[in-house]
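> No sequence on hand, only this structure:
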């Protein structure tokens, strides 16, 4: 799994965003930077896809947003996790872990590790 | 409906914010890339590339935004409606008297409607309790038919997959304990496929078992199996003494599933219709098949079956000349079984539902008036609201919400009322309607109740709601145009509603009056005999032990020993009790009349009686003599005819000594003339009738009803039972009842209709009077200052009173006039329910109008009196 076409995988993108927002309130550019910094070149996300995903999560009550002025004295829309979002993150993290382990058991050679 | 402005504003903001957020992202990324060393042009290109398709992203976000906005709006509307409803409920609590009257009025109307609809649903709309019951048809070959004929017709029907003839016969179950009288459904092999029923235990009949010699089998009803055989499954294959219909005992081959019944009559057992091979329609003497029911094949229609039936009947008419009546054959038809079962009841019940609809409309009129009155009273409050910025739409919604609370409460209470009304009907079930046994609420009834509730809400809630918004807040706030001149339009509407209510009440009262007078007329009809203080008991002696002379001797014993009971004045027997629907007719040829050319002989009703019958039944002997024990099989065959027959056959001549040949063959000599009896119901003119002695009737009545007349005959049930058991304990009494009751049952259907329409009439009267009271009372309250001033200026009290009275009475009179016209126009739809009076029976119309006018006057009197008693000073002071 070197290249994830995240634009079509809203589920994966959502998990990424939930995890990223766990670090605190951020606007879109910060979120993008953090994902790039953590995942590196292996995970390329079409940047425009972040915003519909965030909006959808907001409609589902997973995140909340507000307009504020950023460090560079620019207006920006800030997103943060809601309580519901935190619960969802915990749940999805568990199921993701199980999913990856299961795939690993099938795909990897015996003795080989992730 | 308009949405609140701020919601729409928020939508526009949302779209702007999307664009801004995306623009800021591109700008921010460009700056980042410039900071990383790219030229501005390069940085912007890279930022755009990394972003992906801008329009797609924006479109997606707008879609999400629209969905969120919609959800927000729906939530707001819901919350606002809920607020309105709670506010409405609070305002209703502020005037509990009004609210309770309104709710009760509506509950009465809805309750009566729901109860009526439940009856209609049970009788007319519900499917019959068989699988795919809409595929069942009832075939009528245009004449009475025997087994051979029912099979000939059934086999020739191409559009059906199975058919069965059905007859009902008495049977006796003998053995340990008292003999039990049973009703046997006698059916063809096709019965099971036709009705879609499988025995719960055991098996169906086989085709071999339709032969007389091998037909000694029986299937038990689930109830009989449980009650008489203890639900023992090992009973299958055993023989019991099921006595009757050619067998002394029968083998139990099966048990029917619980709840299965033949259509129309309760059966305890099912046995096969049996017919000797080779007997054709002309030779078969089994003319007792009552019904022919068939199941339509796939794709076949009732119309097809109907056409086929007509063709087959016409062919039979040609094939068996002289047996069938051409006029009768012309009536051959096939109809859906359900419509055959429901019959005339459907039209009557729809008519009654329309009647209860009028009651409901009157109730709505009252409610509208009540709410209008309050809306007018609350105008100042509404004006304040408008002045403070409430929209008129919101006022309309609030008023509607208030009405909705009343409607919901009225609907719920109405359902409760309906169920208690139905409980009464169930207890006193003598309606004579088919399928009245299961008066439950099903989804259809609840759907009806909901629809009626919403419909009434629109009817009574809309006018006050619109009025709430129509006021002039300026004038209302300043209190200009107070007193009598306020809200002329409202008062006009009030009065129009009262007039409409009275018109509808008049229609219902007239209908009630017409059926009541009809019923009174019917009750006053002389049935031709005296049913008071007569106990009747029916006996069906098992034919294997009682046939020929033995049967006659048995009937003789019964008659004599019953007559010997203390307190019995007279005893006599007849093969079929008057007022039962049982029709026994024979062709005859009378002396002095030539047999008709190219047509069959005339038909006459035939009664088989014992010597004591006329005295026991209280039927007068007009001329000649009745039968005695000297009339035996080996003496001259004697006959009694009724007056109508004597008059028709030999007008102006002495009928005694004349000869009548029954079936055109066997000669009987007329020995007496008896009075006419309304055998088939009080509403039917007497038929020409022949009476023969049981002792001289070759067919011998297999079943006889004995009548015991005496001052305390109705208390003699136990003694009669003991007497019958002492003669032969294996002959059970099939039915024991008062003669009066049989007469009562024959008019039960009419009694039910009278009861229902009369209650509608009473409700209409009550609600109409309440409406008149309400409008007068409201008007008087509004004009109190007016009255006070007039009285202060020296007006006479009776003048004020007259003025107040006219408020309610003028619209009432107008309504009554309209009601009379409507009644005259509608009267013809009721023709079928009337007896002995024309649909435009003037005295009934006058009486109904008089009663309503009296009620309206009384209802106006109270507030008018209040107006006249006003103390002018106190009124002026409060102003």
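Thanks, I have the structure now. Given the structure is predicted, the values throughout are model-derived calculations rather than measurements.
> Low-confidence stretches in the stretch 651-800 of chain B?
Along the stretch 651-800 of chain B, the model assigns pLDDT under 70 to residues B:699.
> hey, where'd the strands end up in it?
Using DSSP state E, counting those that start in this stretch, the strands of the stretch 651-800 of chain B run over B:659-662, B:666-674, B:689-693, B:704-709, B:733-738.
> Out of those, indicate the one that is most buried.
Highest mean neighbour count among those (mean count of other CB atoms under 10 Å in any protein chain shown): strand B:704-709, with a mean of 26. No exception for glycine: its C-beta is placed from N, CA and C like everyone else's.
> and it, how far out from the chain's middle?
33 Å (CA atoms, centre = their mean, to the nearest Å).
> which element is residue 106 on?
Here I'm looking at chain A. Assigned by DSSP states H and E, residue A:106 belongs to helix A:83-107.
> think we crossed wires, I meant chain B
Applying DSSP H and E, one finds residue B:106 within helix B:96-120.
> Secondary structure class of the spatially most central residue of chain A, three-state.
Nearest residue to the geometric centre of chain A (CA atoms, centre = their mean): residue A:16, 1.7 Å. Under the three-state scheme (DSSP: H, G, I helix; E, B strand; the rest coil), residue A:16 adopts helix.
> quick one on the thing from earlier: can you pull the buried residues of the helix holding residue B:106?
Residues of helix B:96-120 classed as buried: B:98-99, B:101-120 (neighbour count, 16 or more other CB atoms under 10 Å in any protein chain shown).
> what residues are up against the closest residue to chain A within the stretch 101-250 of chain B?
As assessed by CB to the nearest CB, chain A sits closest to residue B:103 within the stretch 101-250 of chain B, at 40.9 Å. Residue B:103 makes contact with B:406, B:409, B:410, B:413 under the criterion CB atoms under 8 Å, 6 or more residues apart in numbering or on different chains.
> related to what we said a few turns ago, who touches the helix holding residue A:106?
A:14, A:15, A:18, A:19, A:21, A:22, A:57, A:61, A:62, A:63, A:81, A:114.
> Recalculate using a threshold of 7 Å.
A:15, A:18, A:19, A:22, A:61, A:62, A:63, A:114 (CB atoms under 7 Å, 6 or more residues apart in numbering or on different chains).
> Show me what the biggest helix by length in chain B is packed up against.
Assignment by DSSP state H gives helix B:748-792 as the longest helix of chain B. Judged by 3 or more CB pairs under 7 Å, 6 or more residues apart in numbering or on different chains; DSSP states H and E, helix B:748-792 is in contact with helix B:96-120, helix B:345-377, helix B:488-524, helix B:797-826, helix B:842-869, helix B:872-878.
> how much space is there between the residue in the stretch 201-350 of chain B positioned nearest to chain A and residue B:338?
Here the residue of the stretch 201-350 of chain B nearest chain A is residue B:298; by CB to the nearest CB that distance is 50.7 Å. Distance, residue B:298 to residue B:338, using CB to CB, to the nearest Å: 19 Å.
> higher neighbour count, these two?
Applying other CB atoms under 10 Å in any protein chain shown to residue B:298 and residue B:338 shows that residue B:338 carries more neighbours, namely 20 against 6.
> what does chain B put close to chain A?
Applying CB under 7 Å from any CB of the partner chain, one finds that chain B approaches chain A through B:21-22, B:24-25, B:28-29, B:50-54, B:57, B:60-61, B:64-65, B:67-68.
> Tell me which of those fall in helices.
Per DSSP H, the residues of chain B next to chain A map to helices at B:21-22, B:24-25, B:28-29, B:50-51, B:54, B:57, B:60-61, B:64-65, B:67-68.
> elements contacting the lengthiest strand in chain B?
Under DSSP state E, the strand in chain B containing the largest number of residues is strand B:160-174. Judged by 3+ CB pairs under 7 Å, 6+ apart, the packing partners of strand B:160-174 are helix B:147-156, strand B:180-187, helix B:191-195, strand B:239-243, strand B:291-296.
> and with 6 Å instead?
When contacts are defined as 3 or more CB pairs under 6 Å, 6 or more residues apart in numbering or on different chains; DSSP states H and E, strand B:160-174 packs onto strand B:180-187, helix B:191-195, strand B:239-243, strand B:291-296.
> By mean pLDDT, show me the worst of the ones you listed.
Among the helices and strands packed on strand B:160-174, strand B:239-243 carries the lowest mean pLDDT, a mean of 86.
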